[in-house]
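[1] Give me a 3D structure for the following:
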Amino acid sequence: QQQLVESGGGLVQPGGSLRLSCAASGSSLNYYTVGWFRQAPGKEREGVSCISSSDNSTVYTDSVKGRFTISRDNAKNTVYLQMNSLKPEDTAVYYCAAKPSGSDVFGYWGQGTQVTVSS
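    Coordinates of the predicted model:
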């Protein structure tokens with residue numbers, strides 16, 4: 001069982017940075033693939049990035065490549081999403097989710113954190 005709590009969202013100007021955190025209480029996140037997703041008003045939820053449980057390989061959606069970085073801190077049982085060069089189109093509620101090694105389904109979700117990019 002996992003409980004995930006996101007934090008770090010807020011209001012930032014275009015070109016600014018934020019770091020989102022996904023803290024887990026439960027078993028070690030090291031055994032889970034963790035993803036960040038976002039949902040903007042009126043749009044479907046989309047996958048932003050994920051980091052695998054097996055080898056910590058990472059994947060990014062094209063629109064954030066070169067700007068966002070996903071990482072883990074096993075000692076803190078936390079996954080981060082560093083977001084740089086933010087654009088207004090990055091505005092959304094950001095969610096982290098986890099799936100255990102070998103599972104195809106992200107079964108554990110956080111409550112979301114709002115990111116607003118605006119001048």
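[2] Give me the most central residue, this structure.
    Trp36 (2.8 Å; Cα atoms, centre = their mean).
[3] mind listing what that one touches?
    Contacts of Trp36 were listed using Cβ atoms under 8 Å, 6 or more residues apart in numbering, and they are 20, 22, 47-50, 70, 79, 81, 94-97. Every C-beta, even on glycine, is put in place using the N, C-alpha and C of the backbone.
[4] Bridge partners for it, pull those for me.
    Beta bridges link Trp36 to Ser49, Cys96 when assigned by DSSP bridges.
[5] what's the distance between it and Asp104?
    Counting by Cβ to Cβ, to the nearest Å, the gap from Trp36 to Asp104 is 18 Å.
[6] Check Glu46 too.
    18 Å.
[7] more crowded one of these two?
    Neighbours per residue (other Cβ atoms under 10 Å) separate Glu46 from Asp104, with Glu46 holding more: 12 against 7.
[8] Gly110 contacts Tyr95, correct?
    Yes: using Cβ atoms under 8 Å, Gly110 is in contact with Tyr95, at 5.6 Å.
[9] shared neighbours of those two, anything?
    Joint contacts of Gly110 and Tyr95 (Cβ under 8 Å, 6+ apart) are Glu6.
[10] re earlier: with pLDDT as added columns, please give the contacts of Trp36 in a markdown table.
    Listed next are the contacts of Trp36 as a markdown table, based on pLDDT from 0 to 100:
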| residue | pLDDT |
| --- | --- |
| Leu20 | 98 |
| Cys22 | 97 |
| Gly47 | 98 |
| Val48 | 98 |
| Ser49 | 98 |
| Cys50 | 97 |
| Ile70 | 98 |
| Val79 | 97 |
| Leu81 | 98 |
| Tyr94 | 98 |
| Tyr95 | 98 |
| Cys96 | 98 |
| Ala97 | 98 |
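[11] any idea which of those is the one closest to Ser119?
    Within those, proximity to Ser119 (Cβ to Cβ) peaks at Tyr94, which comes in at 20.0 Å.
[12] Which positions within the host helix or strand of the closest one qualify as buried?
    Assigned by DSSP states H and E, Tyr94 belongs to strand 92-100. Under the neighbour-count criterion of 16 or more other Cβ atoms under 10 Å, strand 92-100 has 92-99 buried.
[13] Done for today, thanks.
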